[in-house]
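1. 3D model of this:
(2 chains)
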There are 2 protein chains.
Amino acid sequence: MKKHGLFALSRRAVLRGAAYVLAASLAASPLAAADDPLPSWNDGPAKSAIVAFVAAVTTNDGADFVPPEERIVVFDNDGTLWVEQPFYTQLAFALDRVKALAPQHPEWREREPFRAAMAGDIKALAASGERGLVELVMATHAGMTTEEFAVIVTDWLKTARHPRFERSYTDLIYQPMLELLAYLRANDFKTHIVSGGGIEFMRPWTEGVYGVPPEQMIGSSIKTVFEIRDGTPVLVRLPEIDFIDDKAGKPVGIHKFIGRRPIAAFGNSDGDLQMLQWTTSAPGRRFGLIIHHDDAEREYAYDRDSRVGRLDKALDAAPANGWTVVSMKQDWAAVFPGQ
Amino acid sequence: MKKHGLFALSRRAVLRGAAYVLAASLAASPLAAADDPLPSWNDGPAKSAIVAFVAAVTTNDGADFVPPEERIVVFDNDGTLWVEQPFYTQLAFALDRVKALAPQHPEWREREPFRAAMAGDIKALAASGERGLVELVMATHAGMTTEEFAVIVTDWLKTARHPRFERSYTDLIYQPMLELLAYLRANDFKTHIVSGGGIEFMRPWTEGVYGVPPEQMIGSSIKTVFEIRDGTPVLVRLPEIDFIDDKAGKPVGIHKFIGRRPIAAFGNSDGDLQMLQWTTSAPGRRFGLIIHHDDAEREYAYDRDSRVGRLDKALDAAPANGWTVVSMKQDWAAVFPGQ
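-> Just a heads-up that it's a prediction; the model follows:
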């Protein structure tokens, strides 16, 4: 894969010596390469808007200064921090779990959505609708303790591979977004994830992969109940929806878990529309950003007609709300880590 | 009010000079008074147990070392951080709200639990049971936006006074617990509050009063819904229970909001029993503490037979679980700030 801009400069550094690089990087960008907190972002309006926002809210005597404790920012996960195509990673997990549990459930062979899940028949699965998906989630995500479920997720991630990229799902995270998370934290922002995905499907790995600890995760959930089993307290996962953290549920989840309004929101689909509205409509300097997947070569290209991660209303709402729209193709020098 | 121990020493310091005090305080305690992070705690087994736990989990090469990101601790609020007698502060708030809203509700004059609430007839109110209390909460806590509710709570706290102490409720917080919160945070613990009380009743003031930010609050809640009103996004509070964060709900709330097990839990009633069990039954060094209200002179004395904050099962469970039981009378040199 082709390398771009500042990333390429820092490689040349090794070969051509420090003096040359200093001159070259100063020429290429107002920031020296070594000092650029966002080396995988190409220079352009998106990168400039991010840097300008951070400067504005962290400048002590500025009109837009925000004290560190109020520097709350929220990120969607699927399609914003990691790949969500050809279908959500959590669905891949559920399908693999159905296969793993199938020997204990001979009745699944002839029952939808289980038959479709075992056959990998995504079309039939989609036809089973939300009801089918909920049934699939309950059969694969409930019935065990919270600690058992965390082990199941962790073990699955060790061996599961993305069908196109043939890499671990936790490798298919966006390098520019990792840099953005780190840049914000270095400026005393508190980074939270607000995902439509299952909160307990994310918590086992987000601290290691994104640097976002379990207590800064918000997501959809099923109910749990406290029990004492053989003298040991456990929390058991019930086959019952607790909270759907998507669309209008995202501001509800943010308020429930964080209790104050973020000053910046980062998303990529209509599922993030209300989170962006809630975040950026408050008084004071605010920042909204949408990642537009327009890079079929390096990742995927999809928006208004996509089944997964549809971006339609939020794209239309961006200009009037002053939200930054990131072109993956033009704004990102690299997509995944280590490229 | 009588002063005790280290507190008294530090007053004498002003009078008798530094040299004398140094000798005296070294004699009285292994810590010099000026360096004591818990000056309102009398020397004794409770204070020693706290200091030993903190030393154990923060000593880098020690067997019980816990990395800072896992130093999660949870505190109950009513009766653990502030006064809960003669009834929960939130009930006082609800009663005052009923009175404030009564002119718009002439039908309340003859309807329970509203009649009882307006008359301050706590006995009749109690007779209306959980159903009556829920009705009272819904009538006084729902129907407005989240931001309007925060203003209502903040305004009420400015003028409301405790019936016995005739002080603001946010003055009736426990000085030893403020010191404990600060001591833990100084040792890189993250302090969360896990209360049966309403999360939105606490969030407007806990950061200023306890140093616990909104995102580290867990409590009972009613549902909210996202709406756009006259072009402005709002969250509206609905008259519907979302979550009851009490008893077996406390470990559920901890898991939901924090997503990892605390290493220490601080409570005062049977409502904290399961939170204490959940926290202290995990492997590794753990700490559980119960405040026993046995000081009728300076605060209140109540336990097994109390209607509010009953301490019965948790008190029985303390010895076998190794939980520290604090005698307010013996262990606390001061109860409230500024005494």
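
2. leaving out the residues flanking it, which one is nearest to residue A:140?
-> Ranked by C-beta to C-beta, 6 or more residues apart in numbering or on different chains and with sequence neighbours excluded, the top spatial neighbour of residue A:140 is residue A:97, at 3.8 Å. The C-beta positions use only the backbone N, C-alpha and C, and glycine is treated the same way.

3. these two touch, right, residue A:272 and residue A:249?
-> No - Residue A:272 is beyond contact range of residue A:249, at 11.3 Å (criterion: C-beta atoms under 8 Å).

4. so those two - more neighbours on which side?
-> Neighbours were tallied for residue A:272 and for residue A:249 using other C-beta atoms under 10 Å in any protein chain shown; the higher tally belongs to residue A:272 (31 against 21).

5. now do the contacts for the residue lying closest to the more buried one once chain neighbours are set aside.
-> Of all residues not flanking residue A:272 in the chain, residue A:76 sits nearest, at 4.9 Å (C-beta to C-beta, 6+ apart). Residues near residue A:76 by C-beta atoms under 8 Å, 6 or more residues apart in numbering or on different chains: A:193, A:194, A:195, A:196, A:266, A:267, A:268, A:269, A:271, A:272, A:275.

6. where's the third one, which helix or strand?
-> Using DSSP states H and E, residue A:195 sits within strand A:190-198.

7. same thing with the last one?
-> Under DSSP H and E, the secondary-structure element containing residue A:275 is helix A:273-280.

8. other SSEs contacting that helix?
-> With contacts defined as 3 or more C-beta pairs under 8 Å, 6 or more residues apart in numbering or on different chains; DSSP states H and E, helix A:273-280 has these neighbours: helix A:249-257, strand A:264-267, strand A:287-292, helix A:313-321, strand B:217-229, strand B:232-243.

9. give me the distance from that helix to the chain's centre.
-> On the basis of C-alpha atoms, centre = their mean, to the nearest Å, helix A:273-280 sits 16 Å off its chain's mean C-alpha point.

10. list the contacts of that helix.
-> Here helix A:273-280 makes contact (C-beta under 8 Å, 6+ apart) with A:74, A:76, A:194, A:247-248, A:250-251, A:254, A:261-265, A:267, A:286-288, A:290, A:313-314, A:317, A:321-323, B:226, B:228, B:233, B:235.

11. measure residue A:145 to chain B for me?
-> Going from residue A:145 to chain B by C-beta to the nearest C-beta, to the nearest Å gives 10 Å.

12. check contacts around that residue.
-> Contacts of residue A:145 by C-beta under 8 Å, 6+ apart are A:234, A:235, A:236, A:237.

13. tell me who's in contact with the second one.
-> For residue A:235, the contacting residues are A:145, A:146, A:224, A:225, A:226, A:227, B:251, B:252, B:255, B:278, by C-beta under 8 Å, 6+ apart.

14. hang on, the earlier thing: turn the helices and strands packed on helix A:273-280 into a markdown table, columns for distance to residue A:123.
-> Shown next, in a markdown table, are the helices and strands packed on helix A:273-280 (distance: least, C-beta to C-beta, whole Å):
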| stretch | distance to residue A:123 |
| --- | --- |
| helix A:249-257 | 27 |
| strand A:264-267 | 28 |
| strand A:287-292 | 27 |
| helix A:313-321 | 26 |
| strand B:217-229 | 33 |
| strand B:232-243 | 37 |
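
15. show me the one of those that comes nearest residue B:65.
-> Closest of the helices and strands packed on helix A:273-280 to residue B:65 is strand B:217-229, at 26.5 Å (criterion: C-beta to C-beta).

16. now do the buried residues in that closest one.
-> Neighbour counts over strand B:217-229 (16 or more other C-beta atoms under 10 Å in any protein chain shown) mark B:217, B:218, B:219, B:220, B:221, B:222, B:223, B:224, B:226 as buried.

17. repeat for stretch A:110-124
-> Across stretch A:110-124, burial judged by 16+ other C-beta under 10 Å covers A:112, A:113, A:114, A:115, A:116, A:117.

18. same check, this time on stretch A:160-170
-> A:162, A:169, A:170.

19. what's the span of that stretch, first residue to last?
-> 10 Å (C-alpha to C-alpha, to the nearest Å).

20. distance between that stretch and the chain's centre?
-> Computed by C-alpha atoms, centre = their mean, the chain-centroid distance of stretch A:160-170 equals 16 Å.

21. before we move on, what about stretch A:269-287?
-> Distance, centroid of stretch A:269-287 to centroid of chain: 16 Å (C-alpha atoms, centre = their mean).

22. domain-wise, how is chain A divided?
-> As given by automatic domain parsing, the domain ranges for chain A are A:1-36, A:41-85+A:172-331, A:89-159.

23. so for the first one, mean pLDDT?
-> Spelled out, that is domain A:1-36. For domain A:1-36, the mean pLDDT works out to 44.

24. ok, now the last one?
-> Per-residue pLDDT values across domain A:89-159 average out to 94.

25. ok now it, how far from the chain's centre?
-> That offset, for domain A:89-159, works out to 22 Å (C-alpha atoms, centre = their mean).
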